[in-house]
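Novice: please work out how this folds:
(one chain, ligands or ions: 1)
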Amino acid sequence: MKVLVLGAGLLGVTSAYFLRQQGHEVTVIDRQASAAAETSFANGGQISVSHAEPWANPGAPLKVLKWLGKEEAPLLFRVRADMHQWLWGLQFLRECTPARTRWNIAQIVRLGTYSRDTLQALRAATGLHYDQRTQGILHFYTSAKEFEGAEAPAAQMRALGCDRRVISADEAVRIEPALAHIRPRLAGATYTAEDESGDANQFARELVSRCEADGVRFLMSHTVTALREAGGTVDHVEATDTDGRFQRIRADAYVLAMGSLSPLYAKPLGIELPIYPAKGYSVTMAVRDESKAHQVSLTDDEYKLVFSRLGNRLRIAGTAELNGYDRDLNRVRCEAIVKRAEELFLGAGDAENAQFWTGLRPATPSNVPIIGRSKLPNLYLNTGHGTLGWTHACGSGKSIAYIVSGKKPEVDFAFTGIA
Ligand SMILES: Cc1cc2nc3c(=O)[nH]c(=O)nc-3n(C[C@H](O)[C@H](O)[C@H](O)COP(=O)(O)OP(=O)(O)OC[C@H]3O[C@@H](n4cnc5c(N)ncnc54)[C@H](O)[C@@H]3O)c2cc1C
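Specialist: Numbering: from 1, shown residues only. Next up is the predicted model:
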């Protein structure tokens, strides 16, 4: 079957790889000159099955209200005259009940565990290198109250098969000696030994090379302008090529993987995707002093920041701002991240030459991605991966390849359009 994958971010590239593995003739189209150049460019690097608590949870509405208008808030809702944003906000509130939260966590953990296994198998099969580390993820707490609150979600994750252990501050320092500097302030931590980290952008680009060697075509610098329907199916994709000429591209099946832009292209087909862009920041610094730099991937609970070690670079990422599609750099946010990194690991990184980046997470109100069939029989969805698109990429890509091929996916997950 001829399959056209729309978008060459992490989700598009992994879809293409697994579709090719299923024997399809695959083409990928993307508006950028290279793959993973948008949200998949400089994320936090964590393969974090343990990071499964959705933004929407029973405590969220109060926190979000408290953070309104605070520039340094981890989750900042900038209220706009934007119906799409308001509807998303209402749906978010609906996901905050205890029952919805539990259900969402179960989906996120099941897909996460499957995805991490799929990534490991892919790595074993291809030998890809992307500054990966398999030293687990350590989530540390500086507030005793928040640490106490970590027990219940950690227990829920263990019950779902993700071995997130609650550990003492001393054990946390044994696992990551760079935390010794802040030992007096540590209340405790959780540690998930099976979690991983790595450079998502490098991974995607390496995987593109494998796909190309295997016959996948990449139409880069081609912008999709519309998906055209005829007789209840997608007839063709309309796109402009590198010279701006309009082209019609036809396939038997289409996989929509355009990240936070996906809803704009689905809407004219009568498909409402509850995806809203949630801007995040990352800072990348070269390691300056190895003795002070962390090795293990970390999550700083107080500031909601993640820290990954990517070769000789330190990557720090976090914050979420719901404010439409602008990717502007807010200096207050950048400085807050650098300041926190310096406070934790003073002198570890070259803060003066830090590189800043923003990306738009394709966020759903539940944090559960949208994977599966759409109401048009030849249009498939692999989008809305929000905070965990790197963690969920391989599992989602393999699952959509199975669904397109008419096979049952290997993981128990709430796929769309599948009974
Ligand atoms: C600050 C930050 C930190 C993060 N940290 C982590 C982490 O530690 N772990 C984790 O698991 N996840 C993390 N994420 C989330 C993860 O990066 C995203 O979920 C993931 O990159 C989304 O991938 P995607 O393929 O859906 O979207 P994208 O990577 O945005 O891909 C969509 C593609 O579609 C293309 N496209 C869009 N419109 C068009 C058009 N009209 N025509 C042609 N092409 C088009 C774009 O060029 C792009 O290449 C983080 C995100 C951010 C912002």
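Novice: list the contacts for the residue in the stretch 51-200 of the chain positioned nearest to the ligand?
Specialist: Ranked by C-beta to the nearest ligand atom, the top residue of the stretch 51-200 of the chain for proximity to the ligand is residue 200, at 6.2 Å. (C-beta placed from N, C-alpha, C; glycine too.) When the contact criterion is C-beta atoms under 8 Å, 6 or more residues apart in numbering, the partners of residue 200 are 10, 36, 40, 43, 45, 130, 390, 393.
Novice: now whatever residue of the stretch 101-250 of the chain ends up closest to the ligand, nearest residue through space, not along the chain?
Specialist: In the stretch 101-250 of the chain, no residue comes nearer to the ligand than residue 224, which is 3.5 Å away by C-beta to the nearest ligand atom. Counting by C-beta to C-beta, 6 or more residues apart in numbering, residue 239 is the residue found nearest to residue 224 once chain neighbours are left out, at 4.9 Å.
Novice: contacting residues for the one you found?
Specialist: Residues in contact with residue 239 (C-beta under 8 Å, 6+ apart) are 29, 219, 222, 223, 224, 225, 246, 247, 249.
Novice: run through the bridge partners of residue 382.
Specialist: residue 371 (DSSP bridges).
Novice: strand partners of the lowest-mean-pLDDT helix or strand in the chain, parallel vs antiparallel please.
Specialist: The helix or strand of the chain with the poorest confidence is strand 75-77; it has a mean of 82 (mean pLDDT, DSSP states H and E). According to DSSP bridges, the neighbouring strands of strand 75-77, each with its direction, are strand 313-322 (parallel).
Novice: taking strand 313-322 as reference, get the angle to whatever helix or strand residue 89 lives in.
Specialist: Taking DSSP states H and E as the definition, one finds residue 89 inside helix 83-94. Regarding helix 83-94 and strand 313-322, their directions subtend 100 degrees when assessed with axes from the mean of the first three to the mean of the last three C-alpha atoms, to 10 degrees.
Novice: now helix 83-94: buried residues?
Specialist: 84, 85, 88, 89, 92 (16 or more other C-beta atoms under 10 Å).
Novice: hmm, back to that, save the contacts of residue 200 as JSON lines, and put in neighbour count and pLDDT too.
Specialist: JSON lines is the format used below for the contacts of residue 200 (neighbours: other C-beta atoms under 10 Å; pLDDT from 0 to 100):
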{"residue": "10", "neighbour count": "30", "pLDDT": "98"}
{"residue": "36", "neighbour count": "26", "pLDDT": "98"}
{"residue": "40", "neighbour count": "26", "pLDDT": "98"}
{"residue": "43", "neighbour count": "26", "pLDDT": "98"}
{"residue": "45", "neighbour count": "31", "pLDDT": "98"}
{"residue": "130", "neighbour count": "19", "pLDDT": "98"}
{"residue": "390", "neighbour count": "30", "pLDDT": "98"}
{"residue": "393", "neighbour count": "32", "pLDDT": "98"}
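Novice: return the subset of those residues lying in helices.
Specialist: Among the contacts of residue 200, the members falling in helices are 10, 393 (criterion: DSSP state H).
Novice: which of the contacts of residue 200 come close to the ligand?
Specialist: Contacts with the ligand within the contacts of residue 200, as defined by C-beta under 6 Å from any ligand atom: 10, 36, 40, 43, 45, 390.
Novice: among those, which two are most distant?
Specialist: Between any two of these, the greatest separation by C-beta to C-beta is 12.6 Å, found for 36 and 45.
Novice: and the residue lying closest to residue 268 once chain neighbours are set aside, backbone torsions?
Specialist: Closest residue to residue 268 apart from its sequence neighbours, by C-beta to C-beta, 6+ apart: residue 226 at 6.7 Å. Here the main-chain torsion angles of residue 226 (degrees, to the nearest 10) amount to phi -170, psi 160.
Novice: now for residue 226, how many residues are close by?
Specialist: Close neighbours of residue 226, defined as other C-beta atoms under 10 Å, add up to 13.
Novice: could I get the full set of strands for the stretch 151-300 of the chain?
Specialist: Ranges of strands in the stretch 151-300 of the chain, per DSSP state E, counting those that start in this stretch, are 164-167, 188-192, 196-197, 217-219, 223-230, 233-240, 246-249, 253-256, 276-286, 297-300.
Novice: quick one: mean pLDDT over the longest one.
Specialist: So that's strand 276-286. The predicted model gives strand 276-286 an average pLDDT of 97.
Novice: can I get stretch 274-292 in CSV? Just the C-alpha atoms.
Specialist: Only the C-alpha atoms of stretch 274-292 are listed here, as CSV (Å, rounded to 0.1, in the frame of the first residue of the first chain):
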residue,chain,number,x,y,z
PRO,A,274,-8.6,18.7,20.9
ILE,A,275,-5.0,19.7,20.5
TYR,A,276,-3.6,23.1,21.7
PRO,A,277,0.0,24.3,21.5
ALA,A,278,1.7,24.4,24.9
LYS,A,279,4.9,26.3,24.5
GLY,A,280,7.9,25.0,26.4
TYR,A,281,11.5,26.1,26.8
SER,A,282,14.8,24.4,26.7
VAL,A,283,18.3,25.5,27.5
THR,A,284,21.4,23.6,26.3
MET,A,285,24.9,24.3,27.7
ALA,A,286,28.2,22.7,27.1
VAL,A,287,29.6,20.9,30.2
ARG,A,288,32.2,23.2,31.9
ASP,A,289,33.1,21.3,35.0
GLU,A,290,32.6,17.5,34.8
SER,A,291,32.9,17.0,38.5
LYS,A,292,29.8,19.1,39.1
